[in-house]
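Student: here's my sequence, what's the structure:
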Amino acid sequence: QVQLAESGGGLVQPGGSLRLSCAASGSIFSIYYMNWHRQAPGNPRELVATFTSGGYTTYVESVKGRFTISRDNAKNTVYLQMDNLKPEDTAVYYCNAGVKSTRLDPLRSYWGQGTQVTVSS
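Tutor: All right, here's what the predicted structure looks like:
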């Protein structure tokens, strides 16, 4: 079993910054990807940023130039640096990881519990 623990959410004024962290623990052989998703009230969950094992990153258009995803493989941790935050960034942010617990196990997707980000003056 694998657990994802998120931290770093909170209340920030427009134009401010926050840094989210997500640490994976448990039975981990290899982590293939670590992503951040978000879900605002009344909206479907959307993929915000991805970081693959090959080091590739992608972003949803609305956060390009403002958000940066990074990963510390030694700590099994992914970060989301969010700058120049806007009210429309308000949502619950979820960490998602694709993990194999042993070499022979299938790739499984795991989710964190979510952390609230509120951008408001």
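Student: and the gap between the residue with the largest distance to the centre of the chain and Val2?
Tutor: Largest separation from the mean C-alpha position in the chain: Leu104, at 26.3 Å (Cα atoms, centre = their mean). As for Leu104, its distance to Val2 is 16 Å (criterion: Cβ to Cβ, to the nearest Å). Quick note: C-beta positions are derived from backbone N, CA and C, even for glycine.
Student: okay, and the beta partners of Ala49?
Tutor: Trp36, Tyr59 (DSSP bridges).
Student: how near is it to Ser101?
Tutor: From Ala49 to Ser101 the distance is 24 Å (Cβ to Cβ).
Student: same thing with Gln13?
Tutor: 42 Å.
Student: ok, the residue most central in space within the chain - contacts?
Tutor: A centroid search over the chain (Cα atoms, centre = their mean) returns Trp36, at 2.7 Å, as the residue closest to the centre. Residues near Trp36 by Cβ atoms under 8 Å, 6 or more residues apart in numbering: 20, 22, 47-50, 69, 78, 80, 93-96.
Student: please repeat the previous calculation with a cut-off of 6 Å.
Tutor: Neighbouring residues of Trp36 by Cβ atoms under 6 Å, 6 or more residues apart in numbering: 48-49, 80, 93.
Student: repeat that for Ile31.
Tutor: 97, 99.
Student: give the buried residues for the host helix or strand of it.
Tutor: Element membership for Ile31 (DSSP states H and E) is strand 30-39. By 16 or more other Cβ atoms under 10 Å, the buried positions in strand 30-39 come out as 31, 33-38.
Student: shaky segments in the chain?
Tutor: For the chain, no stretch has pLDDT under 70.
Student: number of nearby residues for Ser120?
Tutor: 10 (other Cβ atoms under 10 Å).
Student: count the neighbours of the residue nearest to it when sequence neighbours are not counted for me.
Tutor: Counting by Cβ to Cβ, 6 or more residues apart in numbering, Ser120 lies nearest to Pro87, which is 6.3 Å off, once chain neighbours are set aside. When neighbours are counted by other Cβ under 10 Å, Pro87 registers 11.
Student: Pro87 touches Ser121, doesn't it?
Tutor: No - assessed by Cβ atoms under 6 Å, Pro87 is found out of contact with Ser121, at 8.3 Å.
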